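K.L.:
What would the 3D arrangement of this be:
(2 chains)
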Amino acid sequence: MKKVLALLLAVVMIFALAACGQSAAPAPTPAATEAPSEEPAAEAPAEEAPAEEAEPAEAPEVEVMSYADYVAADLDTEVTVETYVQDKQGWWNDQATFYTQNEDGAFFLYNMPCSQEEYDALVPGTKIRVTGYKSEWSGEVEIIDISSFEVIEGDTFVAGPVTLDSIYGTDQLADFMNQRFSLSDVTIVAKTDESTGEELAFFYDWDNSGAEKQDADLYFDGSVNGETFTFVVEYYLRGEDSDVYQTVKNLKVGDVIDLEGFLYWYNGPQPHITAVTVK
Amino acid sequence: MRRRKLRMLALLLLAALLLSGCHGAREQTAFALPETFDDGEQIELVFWAKNDTNKAQTEIYQKAIRDFEALYPNVHVSIRLYTDYGKIYNDVITNIATDTTPNICITYPDHIATYLSGENTVLPLEDLSKDPRFGMGGSELRFDGPRLDEVVPQFLNECRLGGALYALPYMRSTEACYVNKTFVEKLGYELPEVLTWDFVWEVSEAAMKKDASGNFALNGQKVMIPFIDKSTDNMMIQMLKQKNAGYSTDTGDILIFNDTTKDILRTLSVHAATGAFSTFKISSYPANFLNAGQCIFAIDSTAGATWMGCDAPLLDISADQIVRFETAVLPVPQADPEHPSMISQGPSVCVFQKENPQEVLAAWLFAQYLLTNEVQVAYAETEGYVPVTRKAQESGEYQDYLARRGEDNREHYAVKIDASRLLMENTEYTFVTPVFNGSTSLRDAAGQMIENVVKSTRRKEKVDDAYLEKLFADVRALYRLDQTGGRPAGVSGADLGPLPTTAVLLLSGIGAAWVLMGLALLIERWKKKKR
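P.N.:
Predicted structure coming up:
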C-alpha cells in the first residue's frame, strides 16, 4: 500500500512540476516594432549563408540624391542624401536635431536617431549619408523619420555664411532654407508686452511676454530692408552661457546688429541665431 | 521651434512613465488634521503651476498668492511656473523619491495616478473637504470658498481615483470644432448645430477640388487641408466613445485594439490619402491654417480659442496671411448627434503630504483658495476655460463677462466666449477616460495610431489588415501596454481575473499531494489500530 501511495504521490508531483514547466515553453514571436535601428543600415549583418559559400556581403545599392533632386522630390517620399554636419542640438533619448549642409544646399535633420557617443562624434564638418522622409512642417522643409545614417570618413566641409542682405524678405529667400547665413545692419524693433504695455528688445519663449524664465528661447524682432522679422536664439542650440544668448539679453531697442545663424522656417523665415555683434 | 519642445517633452513624459516604476516610493505618515491653524508658525509653501502662453495667467496666480498671504500672514507661497504639464509631472515623479515634492501642484488626474505609487504621497481630500472647520466652505476659512456641493459634480468626479478624492478641479475645457462658416456655405452646405463625422468628411472632400491653374477652387491658394485635428489622442478617444467601442476598463485593462479602432483608422486613411485630413504633428497648428483660409474644420481645445479666427487676439502668422471669414464654434463632430459625447479636460490641483501637519493644512487652505470666485473668474476669462464651481459660473461678474460677448476682440473676444459657453452648455455630455497607472501611455498610444496611419498613407503605404495588425503590435510594445492594467489608481486588491491554466494545474497538484499524504496517514493509523 505504501508503495502504491508513494508512486501516486510521485506521479502527482511530476504532474504539478510539469505544469510549472509549461511557462517556460517558447512564447509566440512578437511582431517586430517600427522603431528605427540605432545602427546604420549599411552596417547591419548580412543574412547568413553556408560557410563554404560565404562571400563578402555587399551593401545594397543606395541612390544618393543631389540637392536639386532633393528639392524636386515630392513631400512624404523617402530620400537619401550626403551632407555635412554644421551644428546640432537637443540630444535626448537617443535622438537629436542636426543642421547640415553640402556645397549645394542645406538639409535640416529632425530628431535623427543616434546614441550619445554618435552625437558627440558628429562634429561640424563630418560627412554623413542619411535616409529618411522629406517632410514639411509650418513651411519648414526637413528630413524626418530617419531610418539610417552613416558617417563617411575622409571628406569634411564647414559652410561659410551666405550673405542674405539683399534678398531677405523676398521670395528668393526660401531657396536658402536651413543654410548658414549672415545679415548686416539689422535694427532691433520693440516687442510690446501686451499685459504691461512695456516695450522690450526681446521676449523669453513664445508667450508674448517679457517675463524671465529658465531654459527659455529668446525671440527678438529686427528690421531688414524696411520689413520686420523675428529671430530666435534656441536654448538647446545656444544655451544661457553662450555669448549670443547673453548678447541678446543685453540688446536694446534701436540697437544695430550683425547676425549669423541658420535659416530655419516657421510660417516664413524665423532663423536660429548663433552669433550677434552689436555695432 | 515650438513643436520641437512639445515633442521633446512628450518623450520626456514617456521616459518618466517608464522610469516611474523604478523609483523607490517614499512613504509619508498619514495626515492628521490639527485642531487649530497655528498663526505663530512660519510656513513656507511651494506651488508648482503652469501658465499657458498667457502672461495674465501668471499674474492671476501671483495675485492669488498675495491675497492669500494677506489672509494668512505667517504663510509664504513660492510659485514655480512651468510651460508644460509633462515637465511638472516629470519633476514630481523625480521629487517623490527624495521627498521634495511641492506642497501644491497643478496637474492632471492621470498624473496623480502615478504619484499615488508612493504610500501617503498625495493628500486624500474626501474627508478633509467635508470637515466643518477647515473643509470646503468651513467655518474656520478666512475667505469665501465654495462648498463641496458647489463644485460642478462632473468635474469633481474626474478627481476621484479608485472612488477617493485626490484633487480638486481647477479649470475645465473641452475640445471644439472651429469652423470657417463662410467656406462651408460657399461650398453650398448649411452648417448644422451639431456636426456629424459624415458631414465633415463630405464637406472636406468637396473642398479638395482644384481649378485649372492647380489652385484649390475654394480659396485660390496652393494649400488647403480642410480638416486638421490638434490632438489625435483626444480624437481617437472621442470617436471610440461615440461608437461605444472599447478603450480601457476602469481597472486598466486595455481594450483599444479592437475592430472599431481599425474601422476608424481605415476611414482616416481614406481622407488622408486625398489630403482632406491631417494632424498638428504632421502639418502644424490648426489655427494657423484656419486663419490663413487653408482649413475649414479646425479641432482644438476651447482653452486655445484666443488663437482661433481672423480677429483672434493671438496670431502666429503674419497679418498679410490672414483671410476674412466667419468663425463658428461647434462641438466636435459626432457619430450620433442625438447623443453627443465630448471629452472633459483641464488642470486639477492636488496637495502633497508632508511631515508637518500645519504645513499640510496651509497647503490645503491655499488649494481651496484657488477655487474662490476671484481666482476662478479671473483665470477663466484669460482663455476659453470654464470655472469649476457653480458659485463662480453663476456669479454676477462672470455672467456680465459672458453677456459682453464680442464687445471687443481681446477680453470679450466672441470666439473665446463661445468656446466657454460650449462647455457650459454641454457639461452633461462630457466624459473622461479611466485613470490608472499607465493610462497616460494608453492615451499616447491612441494618438500615435492615428499619426502613424496618416503618415503611412501620405507615403503611399497600404493601410490594410496586415498593416493594422502590425500597428497594434508595434504600439502595444512601444507604450508597454502589455505591462499596464489590472489595478486602478489608489485601489488595492482589484479583481485580477481568472488564474492561468498552469497555475490551476500546479495548485491542484499540490492540493492532491496533500490529500494523498493525509490519506496515507489515516490508513497507517487505521492499520495500527486494527493490529
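K.L.:
can we go C-alpha only for contacts and neighbour counts from here?
P.N.:
Will do.
K.L.:
Which strands or helices does the strand or helix carrying residue B:288 pack on?
P.N.:
Residue B:288 is part of helix B:286-291, with elements assigned from DSSP states H and E. Judged by 3 or more Cα pairs under 8 Å, 6 or more residues apart in numbering or on different chains; DSSP states H and E, helix B:286-291 is in contact with strand B:297-301.
K.L.:
who touches the strand it packs on?
P.N.:
B:173-180, B:200, B:226-231, B:286-287, B:290, B:332 (Cα atoms under 8 Å, 6 or more residues apart in numbering or on different chains).
K.L.:
From the chain's centroid, how far away is that strand?
P.N.:
16 Å (Cα atoms, centre = their mean, to the nearest Å).
K.L.:
Quick one: name whatever helix or strand follows that strand.
P.N.:
Immediately after strand B:297-301, counting by DSSP H and E, sits strand B:327-331.
K.L.:
and the angle for that following strand with strand B:297-301?
P.N.:
60 degrees (axes from the mean of the first three to the mean of the last three Cα atoms, to 10 degrees).
K.L.:
Mind listing the strands the following helix or strand past strand B:327-331 pairs with, and their directions?
P.N.:
Along the chain past strand B:327-331, the next helix or strand (assigned with DSSP H and E) turns out to be strand B:342-343. Partner strands and pairing direction for strand B:342-343 (DSSP bridges) are strand B:430-431 (parallel).
K.L.:
Which residues does whichever helix or strand comes after the partner strand contact?
P.N.:
Tracing the chain past strand B:430-431, the next element assigned as helix or strand by DSSP H and E is helix B:439-458. Outside of helix B:439-458, the residues within contact range by Cα under 8 Å, 6+ apart are A:76, B:14, B:17, B:110-111, B:231-237, B:252, B:254, B:256, B:265, B:268-269, B:272-273, B:278-279, B:281-282, B:462-463, B:471-472, B:475-476, B:479-481.
K.L.:
Which ones among those residues lie within helices?
P.N.:
B:14, B:17, B:110-111, B:232-237, B:265, B:268-269, B:272-273, B:471-472, B:475-476 (DSSP state H).
K.L.:
ok so, going back, filter the contacts of strand B:297-301 to the buried ones?
P.N.:
Buried subset of the contacts of strand B:297-301 (neighbour count, 16 or more other Cα atoms under 10 Å in any protein chain shown): B:173-180, B:200, B:226-231, B:286-287, B:290, B:332.
K.L.:
The residue nearest to the spatial centre of chain B bridge partners, please.
P.N.:
Nearest residue to the geometric centre of chain B (Cα atoms, centre = their mean): residue B:345, 4.4 Å. Note on residue B:345: beta-bridge partners by DSSP bridges are residue B:173.
K.L.:
which ones are touching it?
P.N.:
Here residue B:345 is in contact with B:172-174, B:432 (Cα under 8 Å, 6+ apart).
K.L.:
run the last query once more with 10 Å
P.N.:
The neighbours of residue B:345, taking Cα atoms under 10 Å, 6 or more residues apart in numbering or on different chains as the test, are B:108-109, B:155, B:158, B:169, B:171-175, B:234, B:301-303, B:385, B:430-432.
K.L.:
try residue B:383
P.N.:
B:52-54, B:56-57, B:173, B:302-307, B:411, B:413, B:416-417, B:419-420.
K.L.:
mind running it again at 8 Å?
P.N.:
Residue B:383 touches B:302-306, B:416, counting by Cα under 8 Å, 6+ apart.
K.L.:
can I get those in CSV with pLDDT and neighbour count?
P.N.:
Listed next are those as CSV, based on pLDDT from 0 to 100; neighbours: other Cα atoms under 10 Å in any protein chain shown:
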residue, pLDDT, neighbour count
B:302, 96, 31
B:303, 92, 25
B:304, 92, 20
B:305, 95, 28
B:306, 93, 25
B:416, 97, 32
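K.L.:
Let me know the closest of these to residue B:33.
P.N.:
Nearest to residue B:33 among the contacts of residue B:383: residue B:303, at 36.1 Å, using Cα to Cα.
K.L.:
Just give the closest residue to that closest one, not the sequence neighbours.
P.N.:
residue B:384 (4.4 Å; Cα to Cα, 6 or more residues apart in numbering or on different chains).
K.L.:
Residue A:261 now?
P.N.:
residue A:273 (4.1 Å).
K.L.:
I'd guessed that neighbour sits against residue A:259; true?
P.N.:
Yes. Between residue A:273 and residue A:259 there is a contact under Cα atoms under 8 Å: 7.0 Å.
K.L.:
residue ranges with poor pLDDT in the chain?
P.N.:
All of this refers to chain A. Applying pLDDT under 70 to chain A flags residues A:1-60, A:195, A:206-211.
K.L.:
you looked at the wrong chain, it should be chain B
P.N.:
B:1-29, B:52-54, B:484-513, B:528-531.
K.L.:
try 80
P.N.:
B:1-30, B:51-55, B:83-84, B:117-120, B:483-531 (pLDDT under 80).
K.L.:
tally of neighbours for the closest residue to residue A:113 other than its chain neighbours?
P.N.:
Computed as Cα to Cα, 6+ apart, the closest residue to residue A:113 that is not its neighbour in sequence is residue A:95, at 4.1 Å. When neighbours are defined as other Cα atoms under 10 Å in any protein chain shown, residue A:95 has 20 of them.
K.L.:
Give the next helix or strand downstream of the helix or strand encompassing residue A:88.
P.N.:
Per DSSP H and E, residue A:88 falls inside strand A:78-89. Heading C-terminal from strand A:78-89, the first helix or strand you meet, by DSSP H and E, is strand A:95-101.
K.L.:
now that following strand: how far from the chain's centre is it?
P.N.:
The answer for strand A:95-101 is 4 Å, by Cα atoms, centre = their mean.
K.L.:
what's the angle from the helix or strand just after it to strand A:95-101?
P.N.:
For strand A:95-101, the following helix or strand on the C-terminal side (DSSP H and E) is strand A:106-113. Calculated by the same axes, to 10 degrees, strand A:106-113 forms an angle of 160 degrees with strand A:95-101.
K.L.:
What residues does the stretch 251-400 of chain B have near chain A?
P.N.:
B:282-284, B:317 (Cα under 8 Å from any Cα of the partner chain).
K.L.:
swap the cut-off to 10 Å and go again
P.N.:
Near chain A, the residues belonging to the stretch 251-400 of chain B are B:280-285, B:288-289, B:314, B:316-318, B:321 when assessed by Cα under 10 Å from any Cα of the partner chain.
K.L.:
Now rank the residues you listed by neighbours and give me the top one.
P.N.:
If you rank those by neighbour count (other Cα under 10 Å), residue B:289 sits at the top with 26 neighbours.
K.L.:
in chain A, which spans are helices?
P.N.:
A:2-21, A:67-72, A:116-121, A:243-249.
K.L.:
Can you list the buried residues in the last one?
P.N.:
Taking 16+ other Cα under 10 Å as the neighbour-count basis, helix A:243-249 is seen to contain the buried residues A:244-245, A:248-249.
K.L.:
Let me know the closest of the residues you listed to chain B.
P.N.:
Nearest to chain B among the buried residues of helix A:243-249 is residue A:245, at 16.1 Å by Cα to the nearest Cα.
K.L.:
List the contacts of that closest one.
P.N.:
A:217-218, A:232-235, A:238-239, A:273-276.
K.L.:
how about TSV for these, with neighbour count added?
P.N.:
Converted to TSV, the contacts of residue A:245 look like this (neighbours: other Cα atoms under 10 Å in any protein chain shown):
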residue	neighbour count
A:217	23
A:218	24
A:232	25
A:233	26
A:234	22
A:235	20
A:238	20
A:239	16
A:273	26
A:274	21
A:275	19
A:276	22
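K.L.:
what would the residues you listed look like in TSV with distance to residue B:376?
P.N.:
Output for those, formatted as TSV (distance: Cα to Cα, whole Å):
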residue	distance to residue B:376
A:217	30
A:218	31
A:232	35
A:233	36
A:234	35
A:235	34
A:238	39
A:239	37
A:273	40
A:274	42
A:275	44
A:276	44
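K.L.:
roughly how far apart are residue B:82 and residue A:274?
P.N.:
26 Å (Cα to Cα, to the nearest Å).
K.L.:
And residue B:232, by the same measure?
P.N.:
35 Å.
K.L.:
Perfect, that will be all.
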